[in-house]
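Got a predicted model here, sequence first, then my questions.
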Amino acid sequence: MSKPISPKVSKPKCAQCRRKPVAADYRPFCSKRCADIDLNKWLSDGYAIPGAPADMADDTPGQEMSEED
Ligand SMILES: [Zn+2]
């Protein structure tokens with residue numbers, strides 16, 4: 001009567017590539033590389049995802065390069 005242990009619950013997967021197991025040093029990522037990718041994604045623009053539906057047009061100017069004051 002032992003619980004069935006799924007072999008997939010060993011380690012969480014990298015939040016970025018979702019393929020490699022998370023490394024303790026770079027949680028929740030597998031490596032510094034994936035951590036950097038995610039960081040850059042947020043730094044540049046979280047919504048600037050190619051192919052993403054422009055459904056959420058929330059008219060928020062501010063990401064434009066116009067610096068006229
Ligand atoms: Zn990764």
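Sure, I can see it.

Any stretches of the chain with poor pLDDT?
Across the chain, the ranges flagged by pLDDT under 70 are 5-9, 45-68.

What parts of it come near the ion?
Proximity of the chain to the ion, by CB under 5 Å from the ion, involves residues 14, 16, 17, 20, 30, 34. (Glycine included, C-beta is placed from N, CA and C.)

and with 6 Å instead?
14, 16, 17, 20, 29, 30, 31, 34 (CB under 6 Å from the ion).

Just the buried ones among those, please.
14, 16, 29, 30, 31, 34 (16 or more other CB atoms under 10 Å).

list the contacts for the nearest residue to the second one once chain neighbours are set aside?
This points to residue 16. Nearest non-adjacent residue to residue 16, counting by CB to CB, 6 or more residues apart in numbering: residue 34, 3.7 Å away. Residues in contact with residue 34, defined by CB atoms under 8 Å, 6 or more residues apart in numbering, are 14, 15, 16, 17, 20, 26.

Over to residue 34. Which of the three states is it?
Look at residue 34: counting by DSSP: H, G, I helix; E, B strand; the rest coil, its state is helix.

Tell me which of the buried ones among the residues of the chain next to the ion fall in helices.
residue 34 (DSSP state H).

can you redo the buried ones among the residues of the chain next to the ion as TSV with distance to residue 2?
Shown next, in TSV, are those (distance: CB to CB, whole Å):
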residue	distance to residue 2
14	30
16	35
29	33
30	31
31	35
34	35
